[in-house]
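Peer 1: Provided below are the primary sequence and the corresponding predicted coordinates.
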Amino acid sequence: MLELNILAVQNADVLRALATPAGRRTIPSVSALAALIGRDHSNLSKTLKGMEGAGLLHAEPIANGLTPDGLLQLEAINRAETAEGGEGLPDGLLALRHDQILPDPDNARQDWTSDEAKDELDALRADIVKNGLLQNLVVRPMAEDDLQDATITVVTPAGELTLPRYRLVAGERRWRAIGEAINDGDWEAEEPILTRLLDRDAKETRFAAIAENLLRRKLNPIEKAKGFEQLAELGFENKLIAERLGYTPEHVQQHRRFLKLDEADQQRMTLPRDDPKHLSVRDARQKLTAKDNAPKPIDLTPAEWLAAVETIFAAYEMTEYGNLWNEIVVAPDASASPEGARLQALDVLDFSGIKQFGSRLGRFVVKRGYGAPLGVDWCNPPLPAGLHASESRIAALREAQAKVFGAEAPKWDDEAPVLGTPWLADPGELTAEGSALVEAARVASEQRAKEDQDRAAANAARDAVWAEARQRHLRLLAAAQERPEAGQPDEVVSIASDLDRPLPWQALPSGIIAAANGKTVKDRLNHYAAPSEQELAINQMIVVAANAAGGVLTPTPAQADAPSEEEFVEAITAVAADRRPDLTEEQAAELAAQILASFLDDNGVEFGEDGFDWTHEGAVILTDEHLAAAGDTPTGDDGTDDAGADQDEAA
């Protein structure tokens with residue numbers, strides 16, 4: 001058995017105060033420890049030195065706590081006080097080693113190996129290592145049928161020590177997370193774990209009281225759920241609660257799940273059934289199912305959470321025409337920061353490269369990601385409730401900064417918001433690339449301004465020339481109205497040249513009047529149809545009159561090439577050979593000559609006369625008509641006229 005150290009017994013309050021990392025974090029100095037346990041500061045400093053020399057405390061005990069011997073002494077003191085009716089730790093707490101605690105095999109949760117369970121456990125392990133165990137485990141003494149595991153023997157520097165073991169009632173995830181930390185070397189196996197001990201007699205007394213309340217009163221579903229939850233907190237499983245109260249385990253579990261509803265929905269379940277706002281059990285189940293299927297909130301670090309809050313705030317309040325989707329200028333390395341990279345990976349924020357144009361030219365910006373979740377509950381912790389409301393947005397930002405920084409929150413000048421995320425608060429100077437873009441834009445802007453100025457000057461000069469030409473034209477027209485003869489030809493030529501439409505003009509078959517330099521004097525009246533004979537005649541009259549007034553000859557439009565009788569006969573020959581594969585080349589040529597001669601004779605015309613089609617298409621039509629009349633047109637397998645199909649294709 002371990003012999004109690006008199007120094008440890010005399011200073012049990014010191015051992016208890018320094019036993020856990022969470023406890024030590026609340027004690028910044030020896031003075032604070034003295035105030036906590038009611039000791040004199042100078043005497044306590046000497047006591048700590050003595051306990052350190054006795055091997056009970058590590059060096060710098062305020063930071064490093066108890067040695068393994070110190071922990072064993074504290075455990076022995078606790079057991080001795082419990083056995084002798086002492087008070088023990090406050091609120092019935094025990095300081096137990098991890099291996100003194102055994103999980104309950106009847107725990108409803110059995111999934112500890114799935115990827116999701118492992119991820120949750122790893123996150124909890126990291127939190128406990130960083131912040132300590134913030135919520136105590138709950139244990140009970142070993143049951144009478146469970147005594148084979150009632151003790152454990154551990155090896156200490158002072159020898160072997162037999163310690164009692166306890167069965168876990170609540171907190172198996174935390175217990176397993178501490179076990180993972182021990183395996184990783186982040187938590188000492190001897191490090192005490194504060195636990196709350198449930199006394200069996202007290203448990204049974206409490207069970208009887210709650211059970212009587214559950215069975216004798218007509219309770220609404222929420223009241224019943226809270227009763228079941230109280231029994232579960234005492235360490236009773238759903239199955240045992242159901243057996244002892246006459247329910248099914250499913251009934252107990254279902255009612256306990258109702259406590260996961262929002263407070264408003266729980267309140268609705270307490271209303272009378274005839275109340276329009278009453279929430280039925282069936283509807284409550286559906287809400288819980290939808291809640292279970294909803295995406296789980298994303299855990300954010302304080303820096304990530306604040307960056308998300310301040311980006312939304314800046315988009316609304318620190319940009320022109322505030323809008324949730326507005327871009328905010330940030331520092332060049334914003335996307336590489338830990339919080340920026342994580343939020344971009346989650347599609348909460350979207351960082352752009354350097355802006356190539358616009359009012360933020362040369363800058364780096366961030367805006368809301370296109371896949372960003374809506375509302376404020378998509379993350380853990382939730383975003384401030386008033387962040388999206390203009391009247392409460394300032395207060396929401398202050399609240400968020402106080403939550404993250406505490407007393408170190410940014411100080412606002414004249415109530416003007418100051419952001420706490422570094423890459424939002426100070427975008428910094430332009431990078432070399434950004435400065436080059438801005439300079440290039442300035443040069444391009446000046447160049448465009450000069451080009452616009454030159455263009456305006458050229459247009460003004462051209463307008464002046466045209467205005468002068470117009471005045472000369474008006475004088476010429478006035479002179480022409482006073483005498484029947486035309487003005488001087490050189491005057492007409494000069495006006496046409498001033499208008500950049502030099503004589504002679506020419507009327508084209510397309511309906512356009514063109515000047516000598518190829519520029520259009522008059523466009524077609526109708527762009528979607530061939531010019532009419534009337535339009536062509538008017539155009540020709542305009543051209544002749546203008547050219548005559550200028551004393552120049554009117555050019556004769558180029559005539560289309562005259563049709564070739566030889567080429568027309570060759571086309572008929574080719575079609576005939578195609579339609580009549582049985583013909584030789586000589587026979588096809590003879591047939592072509594006969595077809596043309598017959599056509600000319602029947603119509604009383606000469607080859608090339610106007611009104612007839614002497615093109616290749618005309619040869620196809622003429623040949624097919626002749627063969628069809630003679631009954632020589634071959635047909636396809638389906639009885640259709642192959643020649644007709646070819647004719648359509650030719651057309």
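Peer 2: Ah, there it is. Values in this document were obtained by computation on a predicted structure and should not be read as measured data. Residues are numbered from 1 along each chain as shown.

Peer 1: For K287, see how far away the closest residue to D350 other than its chain neighbours is.
Peer 2: Excluding the flanking residues, the one nearest D350 by Cβ to Cβ, 6 or more residues apart in numbering is G369, at 4.5 Å. Backbone N, C-alpha and C define where each C-beta goes, glycine included. Separation of G369 from K287 (Cβ to Cβ, to the nearest Å): 29 Å.

Peer 1: what do you get for E116?
Peer 2: From E116 to K287 the distance is 23 Å (Cβ to Cβ).

Peer 1: So between the two, which is more surrounded?
Peer 2: Per other Cβ atoms under 10 Å, whichever of E116 and K287 has more neighbours is K287, with 16 against 9.

Peer 1: ok, now which ones touch the more buried one?
Peer 2: Taking Cβ atoms under 8 Å, 6 or more residues apart in numbering, we find K287 in contact with 261, 265, 279.

Peer 1: Secondary structure class of the nearest residue to the last one once chain neighbours are set aside, three-state.
Peer 2: Here the nearest residue to L279 in space, its sequence neighbours aside, is R268; by Cβ to Cβ, 6+ apart that works out to 3.8 Å. When states are read from DSSP: H, G, I helix; E, B strand; the rest coil, the local structure at R268 comes out as helix.

Peer 1: who touches R268 in this structure?
Peer 2: 277-279.

Peer 1: quick check, nearest of those to W378?
Peer 2: Checking those against W378 with Cβ to Cβ, the nearest one is L279 at 24.7 Å.

Peer 1: Helices of the stretch 51-200 of the chain, start to end?
Peer 2: Using DSSP state H, counting those that start in this stretch, the helices of the stretch 51-200 of the chain run over 61-64, 68-83, 115-131, 172-184, 200-216.

Peer 1: which residues are contacting the first one?
Peer 2: Outside of helix 61-64, the residues that reach it under the criterion Cβ under 8 Å, 6+ apart are 18, 24, 27-30, 33, 48, 51-52, 57-58.

Peer 1: export these to JSON lines and tack on distance to H98, pLDDT and neighbour count?
Peer 2: What follows is these, written out as JSON lines (distance: Cβ to Cβ, whole Å; pLDDT from 0 to 100; neighbours: other Cβ atoms under 10 Å):
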{"residue": "L18", "distance to H98": "19", "pLDDT": "88", "neighbour count": "25"}
{"residue": "R24", "distance to H98": "19", "pLDDT": "83", "neighbour count": "19"}
{"residue": "I27", "distance to H98": "24", "pLDDT": "89", "neighbour count": "19"}
{"residue": "P28", "distance to H98": "28", "pLDDT": "87", "neighbour count": "11"}
{"residue": "S29", "distance to H98": "30", "pLDDT": "89", "neighbour count": "10"}
{"residue": "V30", "distance to H98": "29", "pLDDT": "89", "neighbour count": "17"}
{"residue": "L33", "distance to H98": "26", "pLDDT": "90", "neighbour count": "23"}
{"residue": "L48", "distance to H98": "27", "pLDDT": "91", "neighbour count": "20"}
{"residue": "M51", "distance to H98": "24", "pLDDT": "91", "neighbour count": "24"}
{"residue": "E52", "distance to H98": "25", "pLDDT": "90", "neighbour count": "17"}
{"residue": "L57", "distance to H98": "21", "pLDDT": "90", "neighbour count": "25"}
{"residue": "H58", "distance to H98": "19", "pLDDT": "88", "neighbour count": "16"}
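
Peer 1: Can you tell me which of the residues you listed is nearest I298?
Peer 2: R24 (31.8 Å).

Peer 1: Can you verify that closest one is assigned to a strand?
Peer 2: No - assigned with three-state DSSP, R24 falls outside any strand and is helix.

Peer 1: isn't it right up against L66?
Peer 2: No - with contact defined as Cβ atoms under 8 Å, R24 does not reach L66; the gap is 9.8 Å.

Peer 1: Quickly list what's touching both of those two.
Peer 2: L18.

Peer 1: Please, where are all the helices along the stretch 401-550 of the chain?
Peer 2: All helices of the stretch 401-550 of the chain, identified by DSSP H, counting those that start in this stretch, fall at 422-425, 432-482, 489-498, 533-549.

Peer 1: For stretch 432-445, which residues meet the burial criterion?
Peer 2: 434, 437 (16 or more other Cβ atoms under 10 Å).

Peer 1: can you check stretch 325-344 too?
Peer 2: 326-332, 334-335, 337, 339-340, 342-344.

Peer 1: which pair in these spans the largest distance?
Peer 2: N326 and R342 (21.9 Å).

Peer 1: for this protein, what helix or strand is lowest in average pLDDT?
Peer 2: Using mean pLDDT, DSSP states H and E, helix 642-650 stands out as the lowest-scoring helix or strand of the chain, at a mean of 41.

Peer 1: Same list (the contacts of K287) but as TSV, adding distance to A457, pLDDT and neighbour count.
Peer 2: TSV is the format used below for the contacts of K287 (distance: Cβ to Cβ, whole Å; pLDDT from 0 to 100; neighbours: other Cβ under 10 Å):
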residue	distance to A457	pLDDT	neighbour count
L261	77	91	20
D265	75	93	17
L279	79	94	21
